[in-house]
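Novice: Return atomic coordinates for the entry below.
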Amino acid sequence: MASTTECIPDAAAHWAIESYIPIQNVDLVEALLAREDDDRQGTNNVDAKPRIRQVFTSMYDLLHQRGRALHTGFASRYAEIDPDRDTRAIELANHPSQPLADASRIAELSRQVLVDAGFSEVEQSELVNAVLHASEWGVPLHVDFEVFDLLLVYARGDIIGKRLKRRWRKWFQFTQVDVPIYQRVVVIFKLRSGSITEDQLEPEMLHLRMFKNVPKIDIDMLLPGTRVRISWFDRTRSVVPSLGGIGIQIYKIVRLALFVAVITYSIAAMIIGLTIAIIGYVVRSVMTYLQTRNRYMLNLTRSLYYQKLDTNAGVAYRLLNEAESQRHREVLLAYYALLTSSAPLSLRKLRRRVQRMLREIAGIEVDYRAADAVKTLETWRLIRRDSEGRLSTLLPDEAMQRIDACWDEVINS
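Specialist: Prediction:
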């Protein structure tokens, strides 16, 4: 339960099959070792399980070692363009500061990390469509895309969530309704030099934001440089009562003024009264408009408060960890599927075999990235190919020897 009006079912329906594997690594390891129907190489043998578990652990250690290099590279590059930094930059003659170049390199690195973590890019056409519409929980906005020097929006978890809505037909009681949402959204942006937003963000910095459970049609709410778009209904509700009041008041004042003018031959009272009435109703209309705008802004702030997960460097480190975990799941699934197969597999058959395993283990459909997993296993020299290009893998004892050799290369490098 994300808030008092939101619910994400554990088995929420997906609009599209994605590459992200929503299983904890520890749970996946235990589920694979507990399988019996794919036992082709003695996987469930008492002596085999500890060796396979050791292979899985060693794979994670190797991936984590590679991830450390990414962490270090990111930290050194992002330090100067992190809006939340609490350190002071020092200009060096042989290392001049290049904020725009650093932002471009970090953005390119972020693209790859986001893809590795199972995210897909949200096209600008979808963002434009979101600007034109707003859900019942969102806020209609104007978005100026010209303020961005760089804008990347990535999402994951394209599912059908549940939200509560009051129905007048049911005496305004809460009713659950289906809402298309993204479970995770990452926004990376850099403002153009000289751009000013209400958030007063620094144009020289690269900003990262992560949100959860965002209605797809309200994704524009996550962008800076937005202005509240007051609906015609709210505009009419603010103006029409005032115009009606002005008309009635003018009629009363004119009638009174004419009577006074007949008696006193003075029109001063009419002019003064009419002016005061008009000013009063204009002020009332402006105040009603401002109250409506403030209500919209309050809804926007409340939504972002519940949906924001992290910002800037925290987003990057979180994504690096998620990409590392995702790659570990892909690799151990590929190794286990090849290990327990009775015959070598083509890349297509490996993909289908892993997808079937995931359906049996967790009841989920995943667009498994077999090629990426095999590439990693080949880097560790754990894959064999026959004359037809079909794949097989090493038994656990031999696999551990190759992994130990990889560690020797890491240590000696």
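
Novice: so where's the stretch 1-150 of the chain shaky on pLDDT?
Specialist: Within the stretch 1-150 of the chain, the ranges that satisfy pLDDT under 70 run 1-15, 36-47, 89-101, 133-140.

Novice: quick one: the helices in it?
Specialist: Secondary structure of the stretch 1-150 of the chain (DSSP state H, counting those that start in this stretch): helices located at 25-33, 48-78, 99-116, 124-132.

Novice: Assess the claim that residue 216 and residue 161 are in contact.
Specialist: No: assessed by C-beta atoms under 8 Å, residue 216 is found out of contact with residue 161, at 10.0 Å. (Each C-beta comes from the backbone N, C-alpha and C, glycine too.)

Novice: Kindly point out which residues are neighbours of both of those two.
Specialist: Counting by C-beta atoms under 8 Å, 6 or more residues apart in numbering, the contacts common to residue 216 and residue 161 are 180, 181.

Novice: Name the residue in these two with the higher neighbour count.
Specialist: Shown here are residue 216 and residue 161; by other C-beta atoms under 10 Å, residue 161 has more neighbours (23 against 18).

Novice: doesn't that one fall inside a strand?
Specialist: Yes: assigned with DSSP: H, G, I helix; E, B strand; the rest coil, residue 161 falls within a strand.

Novice: Would you confirm that it contacts residue 176?
Specialist: No: Residue 161 is beyond contact range of residue 176, at 9.9 Å (criterion: C-beta under 8 Å).

Novice: Start and end of stretch 338-348, how far apart?
Specialist: Start-to-end span of stretch 338-348 (C-alpha to C-alpha, to the nearest Å) is 12 Å.

Novice: Quick check: mean pLDDT of it?
Specialist: Average pLDDT, stretch 338-348: 93.

Novice: residues of it that come out buried?
Specialist: 338, 339, 340, 341, 344, 345 (16 or more other C-beta atoms under 10 Å).

Novice: Which among the helices of the stretch 1-150 of the chain is found nearest to residue 85?
Specialist: Taking C-beta to C-beta, helix 48-78 is the member of those nearest to residue 85, at 8.8 Å.

Novice: Check which helices and strands the closest one sits against.
Specialist: With contacts taken as 3 or more C-beta pairs under 8 Å, 6 or more residues apart in numbering; DSSP states H and E, helix 48-78 sits against helix 25-33, helix 99-116, helix 313-339, helix 396-412.

Novice: Tell me which of those sits most buried.
Specialist: Compared across the helices and strands packed on helix 48-78, helix 313-339 shows the largest average neighbour count, a mean of 22 (mean count of other C-beta atoms under 10 Å).

Novice: which element follows that one toward the C-terminus?
Specialist: helix 347-362 (DSSP states H and E).

Novice: Next secondary structure element downstream of that following helix?
Specialist: Toward the C-terminal end, the helix or strand that comes next after helix 347-362 (DSSP H and E) is helix 370-379.

Novice: Counting neighbours, which bits of that next one end up buried?
Specialist: Buried residues in helix 370-379, counting neighbours by 16+ other C-beta under 10 Å, are found at 370, 372, 373, 374, 376, 377.

Novice: where in the stretch 151-300 of the chain is pLDDT low?
Specialist: For the stretch 151-300 of the chain, residues meeting the criterion pLDDT under 70 lie at 163-174, 196-199, 227-274, 276-278, 280-300.

Novice: If we use 50, what do you get?
Specialist: Applying pLDDT under 50 to the stretch 151-300 of the chain flags the ranges 265, 298.

Novice: I'd say residue 354 and residue 335 touch.
Specialist: No: if you go by C-beta under 8 Å, residue 354 and residue 335 don't touch, sitting 10.4 Å apart.

Novice: quick one on the thing from earlier: out of the helices of the stretch 1-150 of the chain, which comes closest to residue 401?
Specialist: Closest of the helices of the stretch 1-150 of the chain to residue 401 is helix 48-78, at 10.8 Å (criterion: C-beta to C-beta).

Novice: okay, the angle between the closest one and helix 396-412?
Specialist: Angle of helix 48-78 versus helix 396-412, following axes from the mean of the first three to the mean of the last three C-alpha atoms, to 10 degrees, is 30 degrees.

Novice: re the thing from before, looking at the helices of the stretch 1-150 of the chain, which is nearest to residue 182?
Specialist: Nearest of the helices of the stretch 1-150 of the chain (C-beta to C-beta): helix 124-132, 10.4 Å.

Novice: and that closest one, C-alpha only, in CSV?
Specialist: Coordinates of each C-alpha in helix 124-132 appear next as CSV, following Å, rounded to 0.1, in the frame of the first residue of the first chain:
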residue,chain,number,x,y,z
GLN,A,124,8.7,12.1,-25.9
SER,A,125,5.4,11.5,-27.7
GLU,A,126,4.2,9.8,-24.5
LEU,A,127,5.3,12.7,-22.4
VAL,A,128,3.5,15.1,-24.8
ASN,A,129,0.4,13.1,-24.5
ALA,A,130,0.6,13.2,-20.7
VAL,A,131,0.8,17.0,-20.9
LEU,A,132,-2.5,17.1,-22.8
